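K.L.:
here you go, sequence then predicted model.
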Amino acid sequence: MHELNVIKKPWREDHLRIALVYPNVYSAMAGLTIQTLYNVWNICPNVICERFFMPSKKEIKAFKYQNFSPNYDTSTGPARFHPTLRSIENKMPLSKFDIIAFSISYELDFPNVLWMLDNCHIPIFRSDRISKKNGEEKEESDEVIVNEEQNFPIIMAGGPVIRSNPLPLESFLDAAFIGEIEPVNDLMINSWFNSVNSESLHTYSQIKRNFLQTLQNTPGFWIPQIYNLTNHGEVERVYVKNLDDFPHPIKQIIPKVKSPEKYPLPFGEAFYVEINRGCPHFCRFCMTGGQLKPFRNRSLEGLKKIIILGIENSEVKKVVLIGSSVTDHPKFRELIIFLIDQKVEFSIPSIRIETLTEELASLLVKGGMRTVAFAPETGTDSLRLKINKKISNAKILNGAKLLLEAGIPNVKLYLLYGLPFETEEDIDAIPKLVKQIAALGFGKQGVRLSINPFIPKAHTPFESYIDNFADPNLIILKEKLKRIYSPLKGDKQIKFETLSVEEAYIQTLLALGGKEMSALILKCYQTGYKIKKWYQMIRKEHLGKEEYIIKFFQDMKENSFGNHEWNFINQKLSHKILEKEWDKTKKFSTK
């Protein structure tokens with residue numbers, strides 16, 4: 001495989017060198033986060049940004065069984081038995097960069113962050129990257145001011161799970177960013193060079209300390225070794241007010257492969273276009289609705305220019321339309337007609353089925369789509385109303401029928417179980433609805449079902465609903481999945497996939513926990529990437545009354561809205577609104 005539009009700058013010590021790291025495999029290029037960060041940093045002439053990805057499980061396993069000695073002298077850590085990772089562009093190790101910027105989308109990637117640091121000989125814990133003067137113990141809040149650091153890179157993280165709750169990684173990070181980087185990117189870069197060029201700062205450690213102090217006063221940045229709520233106030237999420245005000249990545253990295261090599265990205269060779277951010281809806285379980293307001297759309301004229309330039313620079317004939325609520329764009333119809341007129345195929349990761357019309361279904365077919373995904377979430381109208389998703393089964397069935405009649409042979413359905421105030425009727429209705437959709441006439445595996453346990457997220461009305469994962473409800477949750485799967489088993493029209501209850505349990509701890517979860521993340525890393533082993537280890541500690549897990553469940557049960565540890569982050573949505581929405585669900589459930 002080779003890549004089109006890679007930016008490979010000469011390696012220079014006087015530039016700001018940023019390692020852009022996704023702690024999972026290369027398929028992260030199937031999106032715009034990495035493309036956007038790569039673009040906004042490399043567009044600066046005095047910045048070098050290069051990419052890193054996790055090796056695949058297959059690659060790690062291949063090295064594991066070759067009995068390699070550690071890549072440096074050590075006694076712990078599975079990552080050290082893998083060759084040192086190097087950047088895609090200049091083949092540099094992480095240790096050669098000034099900033100290591102992790103973009104994290106998934107809580108179960110937290111142990112991969114440790115893997116990647118450990119692999120490149122960088123101490124995992126922030127405290128181990130700081131050498132104490134004369135062995136003197138210092139207060140945590142004074143770390144960055146009074147201690148002399150070694151020349152390790154600054155470890156920074158951002159992304160959806162960091163925006164939601166960065167606390168589980170607090171012990172490992174020097175900095176976290178909450179929000180969208182574009183409005184403060186220039187401030188961050190200028191802060192670095194102001195520190196570098198300051199006549200009063202003489203060592204690399206002094207430059208880093210000054211830089212971090214400056215970042216703490218920059219919107220969106222959280223510097224855990226400096227931050228104090230009383231002194232600094234809440235960390236406010238940063239967001240782009242007008243998407244047209246900031247450049248969209250045009251020269252995107254496009255992987256090129258030769259047959260029979262498998263293409264590494266799910267949508268094939270394509271140019272990715274972000275048409276909106278945020279969501280105009282407020283489903284009570286959803287991170288996007290709670291953490292990405294307001295809803296913002298790019299202008300139609302701006303989108304047309306982006307698409308024309310992108311196609312020219314990317315040598316592709318397909319566009320993927322990206323957004324949390326693509327079909328809610330006020331000019332969505334006009335946009336896809338424009339793509340069809342340009343003879344450009346397009347894909348949409350998911351649609352809101354209630355917005356579908358006969359004309360739109362026909363346009364999706366003309367655009368080359370063969371699979372359309374949408375999210376009924378539940379099997380009953382009543383539970384859907386409890387979670388504030390105002391779509392009826394009748395509309396869902398009508399939308400699926402429109403797709404089939406237009407010539408779409410496959411649909412993918414996203415559903416949840418284990419939601420608050422769910423009844424047996426709600427569970428039994430899921431396979432019933434799926435079968436009704438299949439009965440419309442879809443072919444073999446024409447109905448693809450993704451059914452997952454509900455996982456609570458911070459800053460949402462359902463943030464404290466962890467009942468499913470407390471004893472003995474875990475067993476009940478597994479029984480619910482069996483009850484859903486049993487009527488669908490053996491049906492050739494339906495393809496079934498699910499996230500395991502074990503994985504959901506771990507994800508819940510990491511999504512809502514505090515800095516005490518750092519010990520858990522370290523144990524998961526040292527255990528190796530095996531979810532079942534992680535789960536067995538954590539459950540053993542849970543049942544063994546390990547203090548940090550018992551405390552987690554107690555705190556989640558006892559703390560009211562606005563009193564959780566993560567509430568130092570201001571998501572522009574009052575905790576009173578979250579509480580009001582939760583009360584609406586409770587009130588609805590008692591009718």
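P.N.:
Nice, thanks for sending it over. Residues are numbered from 1 along each chain as shown.
K.L.:
residue ranges with poor pLDDT in this protein?
P.N.:
Using pLDDT under 70 as the threshold, the predicted model of the chain has low-confidence ranges 64-77, 131-150, 589-591.
K.L.:
spatially central residue in it, please.
P.N.:
The structure's the chain has its C-alpha centroid closest to S105; by Cα atoms, centre = their mean the separation is 1.9 Å.
K.L.:
that one is in contact with A30, isn't it?
P.N.:
No - at 11.6 Å, S105 and A30 do not qualify as touching, with contact defined as Cβ atoms under 8 Å. Just so you know, the C-beta spots here come from the backbone N, C-alpha and C atoms, and that holds for glycine as well.
K.L.:
quick one, what contacts the residue nearest to the centre of the chain?
P.N.:
Contact criterion Cβ atoms under 8 Å, 6 or more residues apart in numbering gives 24, 28, 33, 159-161 as the residues in contact with S105.
K.L.:
before we move on, the earlier item: list residues touching both of S105 and A30?
P.N.:
In terms of Cβ under 8 Å, 6+ apart, S105 and A30 are not both contacted by any residue.
K.L.:
list the residues that contact the nearest residue to L419 once chain neighbours are set aside.
P.N.:
The shortest distance from L419 to any residue that is not its chain neighbour, by Cβ to Cβ, 6 or more residues apart in numbering, is 4.9 Å, and that residue is F454. Residues in contact with F454 (Cβ under 8 Å, 6+ apart) are 285, 416-420, 462, 465, 468, 504.
K.L.:
wait, which of those residues is closest to P168?
P.N.:
Among the contacts of F454, A504 lies closest to P168 (Cβ to Cβ), at 16.1 Å.
K.L.:
before we move on, the earlier item: next, the residue nearest to the centre of the chain: secondary structure please.
P.N.:
For S105, the secondary structure call by DSSP: H, G, I helix; E, B strand; the rest coil comes out as coil.
K.L.:
part of a strand, is V319?
P.N.:
Yes - counting by three-state DSSP, one finds V319 located in a strand.
K.L.:
could I get the phi/psi values of A19?
P.N.:
In this entry, A19 is assigned phi and psi values of phi -90, psi 110 (degrees, to the nearest 10).
K.L.:
is K412 in a bridge, and if so with what?
P.N.:
Beta-bridge partners for K412, by DSSP bridges, are A373, R448.
K.L.:
if we can go back for a sec, quick check, nearest of the contacts of S105 to K584?
P.N.:
Using Cβ to Cβ, P160 is the member of the contacts of S105 that sits closest to K584, with 25.3 Å.
K.L.:
what separates the closest one from C286, distance-wise?
P.N.:
Look at P160 and C286: by Cβ to Cβ, to the nearest Å, they are 12 Å apart.
K.L.:
more neighbours: which of these two?
P.N.:
C286 (22 against 17; other Cβ atoms under 10 Å).
K.L.:
residue contacts, the residue lying closest to that one once chain neighbours are set aside?
P.N.:
Nearest residue to C286, sequence neighbours excluded (Cβ to Cβ, 6+ apart): T460, at 6.6 Å. When contacts are counted by Cβ under 8 Å, 6+ apart, T460 is found next to 284-287, 289-291, 578.
K.L.:
could I get those in a markdown table, plus columns for secondary structure?
P.N.:
As requested, the contacts of T460 are exported to a markdown table (three-state DSSP):
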| residue | secondary structure |
| --- | --- |
| R284 | coil |
| F285 | coil |
| C286 | coil |
| M287 | helix |
| G289 | helix |
| G290 | helix |
| Q291 | helix |
| L578 | helix |
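K.L.:
as CSV, those residues with distance to V320 would be great.
P.N.:
As requested, these are arranged in CSV below (distance: Cβ to Cβ, whole Å):
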residue, distance to V320
R284, 29
F285, 26
C286, 21
M287, 21
G289, 22
G290, 25
Q291, 23
L578, 32
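K.L.:
show me which of these is closest to L403.
P.N.:
C286 (23.4 Å).
K.L.:
so how far does stretch 3-19 reach from one end to the other?
P.N.:
Start to finish, the residues bounding stretch 3-19 are 18 Å apart (Cα to Cα, to the nearest Å).
K.L.:
same check, this time on stretch 369-389
P.N.:
With Cα to Cα as the measure, stretch 369-389 spans 26 Å from end to end.
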